[in-house]
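Peer 1: 3D model of this:
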Amino acid sequence: MSVHVLNHPLLEHKLSVLRDKNTGTRDFRAAVSEIAMLMCYEATRDLPTKDVKVETPLAIADCKQIAGKKIALVPILRAGLGMVDGVLAMIPAAKVGHIGLYRDPETLNPVEYYCKLPADIEERVIMVVDPMLATGGSASAALQFIKDRGGKNIIMMNIIAAPEGIARLEKEHPDVEIYVAAVDEKLNDHCYILPGLGDAGDRIFGTK
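Peer 2: I've put the predicted structure just below:
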């Protein structure tokens with residue numbers, strides 16, 4: 001598995017906005033969307049292209065277009081919804097699926113409560129988005145749900161990751177490429193990423 005840590009100055013600047021405890025809901029939500037857009041640019045760098053000829057107002061131009069690979073965008077509910085608009089700004093034709101998970105209070109294992117994917121998911125490049133990759137439990141379960149429904153070519157895109165989450169995905173899903181804007185120090189006793197940015201879902205939607 002390849003882990004790509006993106007260190008563009010624009011990403012680093014916007015990440016500092018997310019980390020700031022004084023950033024309000026509106027600005028936090030906007031920064032998440034903007035970071036997703038910038039990350040999408042890097043995560044799709046290796047999509048295959050084909051040569052096409054385009055008629056401009058003056059002449060014929062030799063151009064390139066994405067070749068054959070259709071995109072599916074799959075946010076992990078609920079925080080992953082905050083990244084959807086940013087990716088769609090770059091890939092408006094992408095189809096959007098959704099995966100909802102909750103943690104069983106007894107087993108602590110992720111349980112699927114909702115999964116709706118495009119019917120042709122096996123033919124698409126699948127971008128799974130969630131702002132935080134903490135323990136990796138939800139992410140690993142979501143990836144397995146997608147694979148169980150025929151998904152093969154999968155990219156995982158997280159804004160902040162903990163080493164523990166990356167290690168789990170490396171073990172359980174070595175075929176998945178991971179793109180992150182930052183790898184933080186560790187998880188605390190409550191499995192929050194340190195230094196992190198708090199609860200991404202609560203900060204995106206203004207809830208507690």
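Peer 1: Every contact and neighbour count from this point should use C-alpha atoms.
Peer 2: Fine.
Peer 1: Check which helix or strand Asp46 maps to.
Peer 2: Assigned by DSSP states H and E, Asp46 belongs to no helix or strand.
Peer 1: I'd like the distance between it and Ala67.
Peer 2: Using C-alpha to C-alpha, to the nearest Å, Asp46 is found at 11 Å from Ala67.
Peer 1: ok, the most centrally placed residue in the chain to Ile193 distance?
Peer 2: Residue closest to the mean C-alpha point of the chain, counted by C-alpha atoms, centre = their mean, is Val129 at 2.3 Å. Distance, Val129 to Ile193, by C-alpha to C-alpha: 17 Å.
Peer 1: top helix in this protein by residue count?
Peer 2: Counting residues, the longest helix found in the chain (DSSP state H) is helix 25-43.
Peer 1: in its sheet, what does the helix or strand following that helix sit against?
Peer 2: Toward the C-terminus, helix 25-43 is succeeded by strand 49-55 as the next helix or strand (DSSP H and E). Strand pairing for strand 49-55, determined by DSSP bridges: strand 60-66 (antiparallel).
Peer 1: Could I get the CA-only coordinates of the partner strand as CSV?
Peer 2: Output of strand 60-66 as CSV, limited to C-alpha atoms (Å, rounded to 0.1, in the frame of the first residue of the first chain):
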residue,chain,number,x,y,z
ILE,A,60,-7.6,22.1,-34.2
ALA,A,61,-5.8,21.5,-30.8
ASP,A,62,-4.3,18.2,-29.7
CYS,A,63,-5.7,17.7,-26.1
LYS,A,64,-6.1,15.0,-23.5
GLN,A,65,-9.2,13.7,-21.7
ILE,A,66,-9.6,11.2,-18.9
